[in-house]
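Let's see this in three dimensions:
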Amino acid sequence: MQLTRRKLAVVLTSGVALAQTPAAPPPGPEDLLQAARDRNKANAAALAAESIPMATEPAFQFKA
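Numbers count the residues shown, from 1 in each chain. Next up, the predicted model:
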């Protein structure tokens with residue numbers, strides 16, 4: 001089977017056009033806010049699960 005350059009271009013461009021799917025709409029502000037809240041809750045739960053000994057000192061000093 002012989003294909004000319006033009007026929008090959010038509011075949012390739014039609015395949016690319018079929019492979020493209022419409023993009024999903026961007027998330028709204030409410031969705032972004034809820035996702036941020038969920039991340040904060042997950043981070044708070046992960047921090048609460050860790051045990052820190054009382055003898056642990058902070059990595060900074062307060063100076064007046």
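
residue boundaries of the helices in this structure?
If DSSP state H is used as the criterion, the helices of the chain fall at 5-19, 29-49.

Any chance of a markdown table for those, columns mean pLDDT?
Shown next, in a markdown table, are the helices of the chain (pLDDT from 0 to 100):
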| stretch | mean pLDDT |
| --- | --- |
| helix 5-19 | 73 |
| helix 29-49 | 95 |
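
okay if I get the ones you listed as JSON lines plus mean neighbour count?
Bear in mind the C-beta positions are built from the backbone N, C-alpha and C, glycine included. Below are the helices of the chain laid out as JSON lines (neighbours: other Cβ atoms under 10 Å):
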{"stretch": "helix 5-19", "mean neighbour count": "9"}
{"stretch": "helix 29-49", "mean neighbour count": "10"}
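
In a markdown table: the ones you listed, plus distance to residue 64.
Below are the helices of the chain laid out as a markdown table (distance: least, Cβ to Cβ, whole Å):
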| stretch | distance to residue 64 |
| --- | --- |
| helix 5-19 | 66 |
| helix 29-49 | 29 |
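
And the ones you listed: which comes nearest residue 61?
Set against residue 61 and scored by Cβ to Cβ, the helices of the chain come closest in helix 29-49, at 22.6 Å.

what about dumping the CA coordinates of that closest one to PDB?
Output in PDB follows, covering the C-alpha atoms of helix 29-49 (Å, rounded to 0.1, in the frame of the first residue of the first chain):
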ATOM      1  CA  PRO A  29     -13.200  29.000  44.200                       C
ATOM      2  CA  GLU A  30     -15.400  26.800  46.500                       C
ATOM      3  CA  ASP A  31     -13.700  23.700  45.300                       C
ATOM      4  CA  LEU A  32     -10.300  25.200  45.900                       C
ATOM      5  CA  LEU A  33     -11.300  26.400  49.300                       C
ATOM      6  CA  GLN A  34     -12.600  22.900  50.300                       C
ATOM      7  CA  ALA A  35      -9.400  21.200  49.000                       C
ATOM      8  CA  ALA A  36      -7.300  23.600  51.100                       C
ATOM      9  CA  ARG A  37      -9.400  22.900  54.200                       C
ATOM     10  CA  ASP A  38      -9.100  19.100  53.600                       C
ATOM     11  CA  ARG A  39      -5.300  19.500  53.300                       C
ATOM     12  CA  ASN A  40      -5.100  21.500  56.500                       C
ATOM     13  CA  LYS A  41      -7.200  18.900  58.400                       C
ATOM     14  CA  ALA A  42      -4.900  16.100  57.000                       C
ATOM     15  CA  ASN A  43      -1.800  17.900  58.100                       C
ATOM     16  CA  ALA A  44      -3.200  18.700  61.500                       C
ATOM     17  CA  ALA A  45      -4.100  15.000  62.000                       C
ATOM     18  CA  ALA A  46      -0.600  13.900  60.900                       C
ATOM     19  CA  LEU A  47       1.000  16.400  63.400                       C
ATOM     20  CA  ALA A  48      -1.300  15.300  66.200                       C
ATOM     21  CA  ALA A  49      -0.200  11.700  65.700                       C
END
